[in-house]
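Participant: sequence and predicted model, in that order:
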Amino acid sequence: MLALRRRVRARPVDDGAGDLVRILQSCKNARVQETSLRERKRAETWGALHETAVAMVLEDGLGAVTVDAIAARANVSTRTFFNYFPTKEHAVVGLRHPHLDPATRQAFLDAPQDGQLLKRTTRLLIAVARTASGSALSRTRRREIFDRHPELVRHRTESFRETEAIVTEIVTDRIALVIGHEPDEPHVRMLISMASAALNFAATNDPTFILRDDVDGILDDAVDLLREVVQKS
């Protein structure tokens, strides 16, 4: 009898908690899958509208293309189009809002104090800008669009202003960590302006620059030249 009682007490008590945990986990997994599927569909629709808009403009010109025509060829409603892009011009240019990856941000904050902040800022500018511009193929086609329709270049300018604002914030945080207090705003703005000038010089000096994946060396050379010019002026 004693042995039997011990065996009974040794059995795990199933009060339904295990089933509840499994149900909750299953619901969580379902939500994650649903969110991932929704995000993937949104990305596919965004890409289809952008690709369609680009193809139509390259074929017929910007003036001949309408939102209704883009939506129809992409097999979506006009209402759906406006859920993704405010205008046909935005769809043609296809720039997303730039953002800063958390790991990249932390690496920038943790970088050593070695006098290379300007170079790191220039590299950070292009890293953030590329989150808006997409793949090298997208950048190539966008250059063609801009060459044919220079009036659309303002969208790139607006996007880069967003990029500069993001980088300005993280550079301010970095300098504050080093000096122990908020830096002077003009100091930060000048640093951003110099980094932007170096980036713009590199892009202007080499038309293929923006299409490359590894550009650190080119950016560093541009910064070195900028420093040389400033010192000799």
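Facilitator: Happy to help now that I have it.

Participant: residues contacting stretch 50-60, please?
Facilitator: Applying Cβ atoms under 8 Å, 6 or more residues apart in numbering, the contact partners of stretch 50-60 are 65, 69-70, 73-74, 88, 91-92, 94, 141, 144-145, 148-149. To be clear about C-beta, it is placed using only N, CA and C from the backbone, and glycine gets the same treatment.

Participant: mind running it again at 10 Å?
Facilitator: Outside stretch 50-60, the residues within contact range by Cβ atoms under 10 Å, 6 or more residues apart in numbering are 62-67, 69-76, 81, 84-85, 88-96, 134, 138, 141-142, 144-145, 148-149, 152.

Participant: ditto for stretch 69-76
Facilitator: Residues contacting stretch 69-76 (Cβ under 10 Å, 6+ apart): 45, 47-57, 60, 65-66, 77-85, 88, 91-92.

Participant: tell me the buried residues within the contacts of stretch 50-60.
Facilitator: 62, 65, 67, 69-71, 73-74, 76, 81, 84-85, 88-95, 134, 138, 141-142, 145, 149, 152 (16 or more other Cβ atoms under 10 Å).

Participant: inside helices: which ones of the residues you listed?
Facilitator: Under the assignment DSSP state H, the buried ones among the contacts of stretch 50-60 contribute 67, 69-71, 73, 81, 84, 88-93, 138, 141-142, 145 to helices.

Participant: where do the helices of this structure begin and end?
Facilitator: Under DSSP H, the chain gives helices at 2-10, 17-60, 67-73, 78-84, 88-93, 102-110, 117-133, 136-148, 153-179, 185-205, 216-232.

Participant: could the ones you listed be laid out in a markdown table, adding mean pLDDT?
Facilitator: Below are those laid out as a markdown table (pLDDT from 0 to 100):
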| stretch | mean pLDDT |
| --- | --- |
| helix 2-10 | 47 |
| helix 17-60 | 78 |
| helix 67-73 | 97 |
| helix 78-84 | 97 |
| helix 88-93 | 96 |
| helix 102-110 | 96 |
| helix 117-133 | 95 |
| helix 136-148 | 87 |
| helix 153-179 | 96 |
| helix 185-205 | 95 |
| helix 216-232 | 93 |
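
Participant: most tightly surrounded among those?
Facilitator: A comparison of those by mean neighbour count, using mean count of other Cβ atoms under 10 Å, puts helix 88-93 on top with a mean of 22.

Participant: per-domain residue ranges of this protein.
Facilitator: Domain ranges of the chain: 16-93, 102-232, per automatic domain parsing.
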